[in-house]
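Q: got a predicted structure here, sequence first:
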Amino acid sequence: MTSLTANLPLPGFLKAPAKPGFDISPRMRAIVMLAATTMTLVTVYALFRGLTGIAPFHPNAREIAIVLHVSTVLPAIPLGGYLLLAPKGTKWHKHLGKAWVALMVTTALSAIFIRWGGGLNFHFSVIHIFVPMTLWASFKLVRAARRGDMKTHKNEILSLYLGALMIPGVVSMAFPGRLMNVWLFG
């Protein structure tokens with residue numbers, strides 16, 4: 001028995017040629033497309049609710065580290081998805097890739113200043129483990145690209161996008177009291 005989707009044509013940007021060994025598999029393309037689309041739509045919805053006043057006020061929405069963090073991570077979601085799905089190796093891909101890495105590094109660095117508690121009791125949470133992971137993966141993917149090691153570059157991009165971007169995103173929406181949780185469900 002064949003799958004119902006086996007005979008459906010793919011959109012042009014999904015079948016675009018890439019350098020050999022650099023493009024991701026059809027299954028990974030579907031995972032990236034689903035993750036990018038879902039996370040983008042959910043974050044746009046949360047942002048809309050938060051900025052229009054539909055969601056309850058959250059005091060962290062005024063903290064500079066959180067504003068910087070949210071303003072750099074939100075464009076990184078659809079941009080990263082686009083870069084993983086679009087043709088690779090073009091000048092456009094390289095320029096947008098540099099912008100995406102800059103967004104990810106800024107997101108990670110701003111997260112260092114986001115802490116739980118207050119006064120002398122502030123501390124890092126478990127989600128902060130993604131800060132060094134993001135910084136290390138960003139370094140490795142840039143180094144791999146400069147050396148022409150596209151296999152490592154691809155693997156680091158996928159781990160950074162699906163691991164260090166999507167997992168903390170889901171956590172930020174799932175845990176009560178966090179800004180994205182309040183803006184989504186408050």
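A: Cool, the structure landed.

Q: drop to CA atoms for contacts and neighbour counts, all remaining ones
A: Will do.

Q: where does pLDDT dip in this protein?
A: Counting by pLDDT under 70, the chain contains low-confidence residues at 1-22, 116-122.

Q: please redo it, this time with the cut-off set to 50
A: Flagging of the chain using pLDDT under 50 yields the residue ranges 1-2, 5, 13-14, 21, 119.

Q: what about the longest helix in it?
A: helix 26-52 (DSSP state H).

Q: ok, the closest residue to residue 135 other than its chain neighbours - contacts?
A: Of all residues not flanking residue 135 in the chain, residue 105 sits nearest, at 6.2 Å (Cα to Cα, 6 or more residues apart in numbering). Residues near residue 105 by Cα atoms under 8 Å, 6 or more residues apart in numbering: 134, 135, 138.

Q: in a markdown table: the residues you listed, plus secondary structure, neighbour count and distance to residue 144.
A: Below are the contacts of residue 105 laid out as a markdown table (DSSP: H, G, I helix; E, B strand; the rest coil; neighbours: other Cα atoms under 10 Å; distance: Cα to Cα, whole Å):
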| residue | secondary structure | neighbour count | distance to residue 144 |
| --- | --- | --- | --- |
| 134 | helix | 24 | 15 |
| 135 | helix | 19 | 14 |
| 138 | helix | 21 | 10 |
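
Q: pull out the buried residues from the longest helix of the chain.
A: For helix 26-52, a neighbour-count test (16 or more other Cα atoms under 10 Å) marks 29, 32, 33, 35, 36, 39, 40, 43, 46, 47, 49, 50 as buried.
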